[in-house]
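Undergrad: Predicted model and sequence below, questions to follow.
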Amino acid sequence: MKQEIVKCVGINEDGYAILQPKIRAFVRMLPGEIGTVEFEGKEGRLVKIENPSPERIVSKCPVFDQCGGCTFHHWDMVKQLEFKKTTVKNLFSFVKAPIEEVLPCEVDHHYRTKNQMVVFANKKKQSTLGMYRPYSHQAVAVTACYIQDTLANGVFGHIQMLLRDFKVEPYDEDSKRGIMRHVLIKVGYQTNQVMVVFVMAEPDFKGRKIMFAKLIEKFPQVKTIIIDVNTRSSSAVLSGKQKTYVGNGYIEDKLLGYTFKISASSFFQVNPRQTEKLYGKAIEYAQLTGNERVLDVYSGTGTIGILLSKKAKEVVCVESNRWAVEDAKVNAQLNKINNVKMVLADATEYMIRAAEQGLTFDVVVMDPPRSGATPEFLNALKQLNPKRIVYISCEPKTQADDVKQLISDYQVTKIQPVDMFPYTRHVESITLLSLKTA
Ligand code: SAH
């Protein structure tokens, strides 16, 4: 192992400390700090800091030193927000619009309503729940995650005990032996309903029925239990091959007064308090009067489309995950909405078809995954020529690249970063683009 004295001169947008001499490894140092670091692969272990930064705080998470779940438990929250604003500002340096202050997350602990833990063998070979180390597939035991919902933490702890009592073997990635791979928990923030998904290399285990009964006895909030059989070695946690053993396979939650179905395989925002702020901004930026035709593309379970429907004439939601589209249809019914159409399609294919057919939309809301949209999508979007585009993104880097493709026809009028994930490097960004009038 190589030890070096390094100076941190900044933090890059991926949360990496920028070091002198230049070493590309993940180390939890803050700007201005000089320290001794032991480098191993992509990780740097801080041995000693000569001059701790005044921005350094004592981590409230007991496993922060080892866990790769978060990035910034050692950094003052004000500075984290400044970092997030600067990240967005630097990426959007090509536009004139000012960057709004980051919408902060007032409750910065136990905010996540979805979490997955890996199951691994501890020294005594017992099933243990935890997270991966930074940039690694080595696991570290996590008993009470600081950002995960407290009810979920309790359920995780009890599950670990049950796995040991019932001698359910952890899966081993190297030998490909064992049963239990991951446990995924989703919680309804307003409803307190809990979903548990056991991700397993086998379809069943001995004592499963009694174990599930014991889990529900201890936590009656657990409304549904699913087994997902995943025999692949890719990094995707869920395979989608699922069987529901308890309940209906879904839970419900409420956002801004609307009810939404949450299932195992469809996307649902994980920080409900901030989601209400984010969606509130999307509604504000859409500036609907009741007469508009709106396209909500990359629509997930139709959350944004449904929220916008009250003030729109018609909404079309486009999404490629068939589970999400099924949920979206149920969500429209649950909320008695009948001016929203849910379409199962690849976003780019839909946009190209819509442009060819000359469909018209006054407002397009887009919320793609981290990879952003495709050049073909953006070309078709320009042909569709909506008056406004509300672009929501969890990866401002790709959002900025996409916006560059649109500025020939559109002017960026607002950029609002939102802190959906305190203590991590991630920042959500919502951008309003308005059609340039010739
Ligand atoms: N707007 C939703 C979902 C955003 S997450 C919400 O706020 O909840 C991004 C969504 O894009 C996911 O549901 C994902 O399944 C979907 N997606 C990813 N690639 C896609 C593609 N090529 N075409 C359509 N949808 C896609």
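TA: Sure, I can see it. Residues are numbered from 1 along each chain as shown.
Undergrad: can you count the residues close to G247?
TA: If you count neighbours by other CB atoms under 10 Å, G247 ends up with 17. The C-beta positions use only the backbone N, C-alpha and C, and glycine is treated the same way.
Undergrad: Isn't it up against I216?
TA: No: between G247 and I216 there is no contact under CB atoms under 8 Å: 9.3 Å.
Undergrad: Tell me how the protein divides into domains.
TA: Annotated domains of the chain cover 2-56, 81-107+271-435, 114-255 [automatic domain parsing].
Undergrad: Quote the end-to-end distance of the last one.
TA: Counting by CA to CA, to the nearest Å, you get 15 Å between the two ends of domain 114-255.
Undergrad: Next, see if it gets close to the ligand.
TA: No: contact of domain 114-255 with the ligand is not found when judged by CB under 6 Å from any ligand atom; the minimum separation is 9.6 Å.
Undergrad: same deal with stretch 426-438?
TA: No: judged by CB under 6 Å from any ligand atom, stretch 426-438 and the ligand are separated, with a smallest distance of 10.0 Å.
Undergrad: what's the burial count for the residue lying closest to N338 once chain neighbours are set aside?
TA: Distance criterion CB to CB, 6 or more residues apart in numbering; nearest residue to N338, sequence neighbours excluded, is A332 at 7.4 Å. A332: 22 surrounding residues under other CB under 10 Å.
Undergrad: tell me what the one helix or strand A332 maps to is packed against?
TA: Per DSSP states H and E, A332 falls inside helix 322-334. Helix 322-334 sits against strand 258-263, helix 303-309, strand 314-319, strand 340-344, with contacts defined as 3 or more CB pairs under 8 Å, 6 or more residues apart in numbering; DSSP states H and E.
Undergrad: Make JSON lines from these and add mean neighbour count and mean pLDDT to it.
TA: Output for those, formatted as JSON lines (neighbours: other CB atoms under 10 Å; pLDDT from 0 to 100):
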{"stretch": "strand 258-263", "mean neighbour count": "21", "mean pLDDT": "97"}
{"stretch": "helix 303-309", "mean neighbour count": "26", "mean pLDDT": "98"}
{"stretch": "strand 314-319", "mean neighbour count": "24", "mean pLDDT": "98"}
{"stretch": "strand 340-344", "mean neighbour count": "19", "mean pLDDT": "98"}
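Undergrad: What residues does the nearest residue to S266 once chain neighbours are set aside make contact with?
TA: Distance criterion CB to CB, 6+ apart; nearest residue to S266, sequence neighbours excluded, is A324 at 3.7 Å. By CB atoms under 8 Å, 6 or more residues apart in numbering, the contact list for A324 reads S265, S266, F267, S299, G300, T301.
Undergrad: just those now: which is nearest the ligand?
TA: Checking the contacts of A324 against the ligand by CB to the nearest ligand atom gives G300 as the nearest, at 2.7 Å.
Undergrad: now the nearest residue to that closest one once chain neighbours are set aside, what's its secondary structure?
TA: Ranked by CB to CB, 6+ apart and with sequence neighbours excluded, the top spatial neighbour of G300 is F267, at 4.4 Å. With DSSP: H, G, I helix; E, B strand; the rest coil as the basis, the three-state label of F267 is coil.
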